[in-house]
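Visitor: coordinates for the following, if possible.
(4 chains)
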Protein chains: 2
Amino acid sequence: MDETDELLAIRAAELYYEDAKTQEEIGAILHLTRWKVGRLLARARELGFIRIEIVHPRARRLSAERMLREKFGLKDAVVVQSEHRSAPEIQARVAQAAADYLTGMRPVPRTLGVSWGRTLQGVADCLRHGWATRVDVVQINGGVSLNRMAGTASATAVEIAHKGSGQATLLPSPAILEHLETKRAIERDRTVAQVLEKARAADAFLFSAGVADASSVHVDSGYITAADVDELVARGAVGDVLGRYIDAAGEIVDTQLDDRTVGLGLDEIRRAATSIAVIAGRPKHAVTKAVVTSGLCTVLVTDEESSAMLLSDQVAARVLNGGSRRVG
Amino acid sequence: MDETDELLAIRAAELYYEDAKTQEEIGAILHLTRWKVGRLLARARELGFIRIEIVHPRARRLSAERMLREKFGLKDAVVVQSEHRSAPEIQARVAQAAADYLTGMRPVPRTLGVSWGRTLQGVADCLRHGWATRVDVVQINGGVSLNRMAGTASATAVEIAHKGSGQATLLPSPAILEHLETKRAIERDRTVAQVLEKARAADAFLFSAGVADASSVHVDSGYITAADVDELVARGAVGDVLGRYIDAAGEIVDTQLDDRTVGLGLDEIRRAATSIAVIAGRPKHAVTKAVVTSGLCTVLVTDEESSAMLLSDQVAARVLNGGSRRVG
DNA sequence: TATCGGTTCGCTCACATGAGCAACATCTGG
DNA sequence: CCAGATGTTGCTCATGTGAGCGAACCGATA
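Guide: Numbers count the residues shown, from 1 in each chain, chains lettered A, B, ... in the order given. Below is the predicted model:
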């Protein structure tokens, strides 16, 4: 396309998009046939001169979603716009997007296994009353029931269930126990065992991931110490999923600690038909990468920046080209 | 439009604009009829959720141009995009736009009266060889021929003429003379008188405007002193057109100074069928306003920000509602 | 000058889309 | 509870638009 044509294309684009003229009219104005005008417009779009943006708090980025699905073999992906947004705003939008995703799921899951945390509480808050009818919500990992943040974990599950006019089944157990024996004992307890049984049978799972640093909820809740986290990080931990700390490859970092963690195991999540991960924000990039590349989720809800990170060539898609584990 | 519809509209817009799906396909996906989809899209556009931008150095803003034409009764207006651009970039684009405008003029002017200055030199540089055939270019005000910037004024006219394969007729006179008598004598000189005669008969005029401050070319060239400018500003001057200082209402500030200025008078410009003003940049907002509201130009080439200033309610359109002169 | 390869042109045809309209649902005030 | 007003829905039909296809064109080469 030469200089003159480019100018004409721009002129045509202005008349077409800004002045809402038909291609025929533009042809008359610029002394061209309407086909030439059509071709110029196609060229202008092709060369990226026309930029269409959807400006709305709930707008998503479909192209990124398609690429994420393809690269990582995800069943679905939801990417929210994050340009020029503050971190809390992004969290809010991702939560909203996750809520919208749940609401729009077909078939509607009858039993939903949920984790807990700030992110999931946000999702629960964004759900609308009547988002579903008769959902059974089951907690899939131990909660913060013993400490100062009492009730948080259960609140999330209860709210999700309530708004979907269904029932919540809580997991009455700490997240991580001090001794393996205690953990085994708790799991043998009939109530706990029944909940876990039900959790395993859930149609879909909903969870987030935490960063491996001293600000973690698990440190906050007293399940592990800041020193423990430092140790985990030293051994390669990038974050936790359902209270289980994983490295960049998605492998459990400390199997002994993992054995003392109550709830579904990560392999059980990996086997699920539908597991929705809601993770966003720059601090979580490393965990997000680990979750996605190690096949922990079939659906990812995240922000634009994280999606860009995942789509950059630096990130290998382990799920598809199974061999290479080098992901950092 | 309720909440649900708005969400659907956004979803539809994403599928339509980002995924290039047809309205029918979108209907299938969202379980709607294609008409509903069409209506939602129309609604989304109406509410401004869809923003289409033409990203190209030469892109213009047609809507602003239309409003300028209507508000000030201009024959034409050209507004270049200026968002996120530096001042020199904007100057360059405006010059390019003015050059494009000249090139595209129908009928092609046979005689073009031009002024001089940095802006017009920029326009001359942007013109392409062969932009016209046989244009007569006439200088319409006195130039900087006596001082260190010698040749600048003539260079502009000559370049425009040369690139339009025509001839330049220069005005061999200083811009402003010290004594009224000298000015009268010069104007009586046959060569000068002939040039002015030819200038008056030009089909179109092309000029810019200067800011009234010490950085002015006239101070630089020694025609007036910085003190003179301060005095002019104190008396209400906002800038100059063809070396003639005007106030916010477009009136000559100092008639004695004006009488010593060589070249066409502002009223002669006002009477012209086609007078193209090329003015851009924040420092020139005041002069731009004065030029446009006092009917000094029939065509305005400017940047987005200046156009926004002109279109703000603060600016009264004197040309149309003749009475009110309160423009500050 | 004749011929070739590639590009662009104007056109047909099928599909996508918006305007306009009647039927229907929903709200409102007597 | 009903009549009228208002808004919404699904449709027909005219118009707008893009894919595909020979014809024409252009520049290079033998």
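
Visitor: surely residue A:20 forms part of a helix?
Guide: No - counting by DSSP: H, G, I helix; E, B strand; the rest coil, residue A:20 is not part of a helix but coil.

Visitor: roughly how far apart are it and residue B:52?
Guide: According to C-beta to C-beta, to the nearest Å, residue A:20 stands 10 Å off from residue B:52. C-beta here means a position set from N, CA and C on the backbone, and glycine is covered the same way.

Visitor: cool, and residue A:188?
Guide: 63 Å.

Visitor: which of those two has more residues huddled nearby?
Guide: residue B:52 (14 against 9; other C-beta atoms under 10 Å in any protein chain shown).

Visitor: residue contacts, that one?
Guide: Residue B:52 is in contact with A:17, A:18, A:50, A:51, A:52, A:53, counting by C-beta atoms under 8 Å, 6 or more residues apart in numbering or on different chains.

Visitor: let's see which of those end up in strands.
Guide: Using DSSP state E, the subset of those located in strands is A:50, A:51, A:52, A:53.

Visitor: out of those residues, which is most surrounded?
Guide: residue A:50 (19 neighbours).

Visitor: I'd say it and residue B:54 touch.
Guide: Yes - counting by C-beta atoms under 8 Å, residue A:50 does reach residue B:54; the two are 6.1 Å apart.

Visitor: any common contacting residues for the two?
Guide: With C-beta under 8 Å, 6+ apart, residue A:50 and residue B:54 have common neighbours A:13, A:17, A:44.

Visitor: give the other helices and strands that the lowest-mean-pLDDT helix or strand in chain A contacts.
Guide: One helix or strand of chain A scores below all others by mean pLDDT, DSSP states H and E: helix A:217-220, with a mean of 81. With contacts taken as 3 or more C-beta pairs under 8 Å, 6 or more residues apart in numbering or on different chains; DSSP states H and E, helix A:217-220 sits against helix A:226-234.

Visitor: mind listing what's buried in the helix it packs on?
Guide: Neighbour counts over helix A:226-234 (16 or more other C-beta atoms under 10 Å in any protein chain shown) mark A:228, A:229, A:232, A:233 as buried.

Visitor: can I get the residues you listed in JSON lines including distance to residue A:118 and pLDDT?
Guide: As requested, these are exported to JSON lines (distance: C-beta to C-beta, whole Å; pLDDT from 0 to 100):
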{"residue": "A:228", "distance to residue A:118": "21", "pLDDT": "92"}
{"residue": "A:229", "distance to residue A:118": "17", "pLDDT": "93"}
{"residue": "A:232", "distance to residue A:118": "20", "pLDDT": "95"}
{"residue": "A:233", "distance to residue A:118": "20", "pLDDT": "95"}
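
Visitor: quick one: which of those is nearest to DNA strand C?
Guide: Nearest to DNA strand C, judged by C-beta to the nearest atom of the strand, of the buried residues of helix A:226-234 is residue A:233 at 51.6 Å.

Visitor: so what's that closest one up against?
Guide: Residues in contact with residue A:233 (C-beta under 8 Å, 6+ apart) are A:212, A:213.

Visitor: distance check, it against residue A:266.
Guide: Applying C-beta to C-beta, the value for residue A:233 to residue A:266 is 19 Å.

Visitor: endpoints of stretch A:204-211, how far apart?
Guide: Using C-alpha to C-alpha, to the nearest Å, one end of stretch A:204-211 lies 23 Å from the other.

Visitor: just give me how far that stretch sits from the chain centre.
Guide: 8 Å (C-alpha atoms, centre = their mean, to the nearest Å).

Visitor: quick one, phi psi at residue A:299?
Guide: Backbone torsions of residue A:299, given as degrees, to the nearest 10, read phi -130, psi 130.

Visitor: what's around it, how many residues?
Guide: Number of residues near residue A:299 (other C-beta under 10 Å) recorded here: 22.

Visitor: please apply the same query to the one 5 residues further on.
Guide: Taking other C-beta under 10 Å as the criterion, the count of residues near residue A:304 is 19.

Visitor: can you tell me the SS state at the residue nearest to it when sequence neighbours are not counted?
Guide: Distances taken as C-beta to C-beta, 6 or more residues apart in numbering or on different chains put residue A:82 closest to residue A:304, at 4.3 Å, once the chain neighbours are dropped. Using three-state DSSP, the three-state assignment for residue A:82 comes out as coil.

Visitor: surely residue A:82 meets residue A:92?
Guide: No - judged on C-beta under 8 Å, residue A:82 makes no contact with residue A:92 at a distance of 11.1 Å.

Visitor: higher neighbour count, the two?
Guide: residue A:82 (23 against 18).

Visitor: of all the shared contacts of residue A:50 and residue B:54, which comes closest to residue A:130?
Guide: residue A:17 (39.7 Å; C-beta to C-beta).

Visitor: about what we covered before: would you point out the most distant pair within the buried residues of helix A:226-234?
Guide: The largest separation in those, counting by C-beta to C-beta, is between A:228 and A:233 at 9.8 Å.

Visitor: phi, psi for residue A:249 please.
Guide: Note on residue A:249: its backbone torsions stand at phi -90, psi 0 [degrees, to the nearest 10].

Visitor: how far away is it from residue A:101?
Guide: Residue A:249 is 27 Å from residue A:101, by C-beta to C-beta.

Visitor: likewise residue A:219?
Guide: Residue A:219 sits 30 Å away from residue A:101, taking C-beta to C-beta as the criterion.

Visitor: which elements pack onto the helix or strand encompassing residue A:285?
Guide: Per DSSP states H and E, residue A:285 falls inside helix A:285-293. Helices and strands touching helix A:285-293, by 3+ C-beta pairs under 8 Å, 6+ apart, are helix A:62-72, strand A:210-211, strand A:237-241, strand A:244-247, strand A:275-278, strand A:299-303, helix A:304-311.

Visitor: now mean pLDDT and distance to DNA strand D too, for these, in CSV please.
Guide: Putting the helices and strands packed on helix A:285-293 into CSV (pLDDT from 0 to 100; distance: least, C-beta to the nearest atom of the strand, whole Å) gives the following:
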stretch, mean pLDDT, distance to DNA strand D
helix A:62-72, 89, 18
strand A:210-211, 94, 43
strand A:237-241, 95, 42
strand A:244-247, 96, 45
strand A:275-278, 98, 30
strand A:299-303, 96, 29
helix A:304-311, 94, 26
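
Visitor: closest to residue A:25 out of those?
Guide: Checking these against residue A:25 by C-beta to C-beta gives helix A:62-72 as the closest, at 31.2 Å.

Visitor: spell out whether the closest one and chain B are in contact.
Guide: Yes - Helix A:62-72 reaches chain B (C-beta under 8 Å from any C-beta of the partner chain) through A:62, A:63, A:66.

Visitor: tell me the buried residues in that helix?
Guide: Neighbour-count burial for helix A:62-72 [16+ other C-beta under 10 Å]: A:62, A:64, A:65, A:67, A:68, A:71, A:72.

Visitor: cool, stretch A:18-31 as well?
Guide: A:18, A:21, A:23, A:26, A:27.
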